[in-house]
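Chemist: Sharing a sequence plus its predicted fold:
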Amino acid sequence: QVHVVESGGGLVQPGGSLRLFCAASGLTLDDYAIAWFRQAPGKEREAVACIARTDYSTYYKDSVKGRFFIYRNKAKNTVDLEMNSLEPDDTAVYFCAVGPDYGLEVPYDYWGQGTQVTVSS
């Protein structure tokens, strides 16, 4: 049985940074493409970053380019989302998704329960 778990969320002031972690049991993250999604209150879920399975290519939503970085953390066996220069509009529940294909508009097979990120002074 596959279980995906996110961690690292919390409250941060505007301009601050957070790092989110995606871990999984029942599969090996290196064998899959990984994406981070977010859903703000009253808004649809949107993909913000993804990383490929093979060459570790990455792709980002325009509004987070240069601020967010997704990478495979070999030491922790996680896929991390480093978020810098956070803005109030980044406030959302962040989800990790696991699937066979890489992209912001492709379906993902396994999802975590999400971790809350709140950007507020």
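Modeler: Nice, thanks for sending it over.
Chemist: What is the neighbour count of E6?
Modeler: Residue crowding around E6 was assessed by other C-beta atoms under 10 Å; the count is 23. Using the backbone N, CA and C atoms, a C-beta is placed for each residue, glycine as well.
Chemist: Give the closest residue to Q1 in space, chain neighbours not counted.
Modeler: Closest residue to Q1 apart from its sequence neighbours, by C-beta to C-beta, 6 or more residues apart in numbering: G26 at 5.3 Å.
Chemist: My read is that the one you found contacts V2, right?
Modeler: Yes: the criterion here is C-beta atoms under 8 Å, and G26 meets it with V2 at 3.9 Å.
Chemist: can you pull the contacts of the residue sitting furthest away from the middle of the chain?
Modeler: Most distant residue from the mean C-alpha position of the chain: S121, 23.0 Å away (C-alpha atoms, centre = their mean). Applying C-beta atoms under 8 Å, 6 or more residues apart in numbering, we find S121 in contact with 13-14.
Chemist: And it, how close does it get to C50?
Modeler: In this view, S121 and C50 are 30 Å apart by C-beta to C-beta, to the nearest Å.
Chemist: Geometric centre of this structure: which residue is closest?
Modeler: With the centre of the chain defined as its mean C-alpha position, the nearest residue by C-alpha atoms, centre = their mean is W36, 2.6 Å away.
Chemist: Adjacent strands (with direction) for the strand or helix carrying it?
Modeler: Secondary structure assignment for W36, by DSSP states H and E: strand 33-39. Using DSSP bridges, strand 33-39 pairs in its sheet with strand 46-51 (antiparallel), strand 92-99 (antiparallel).
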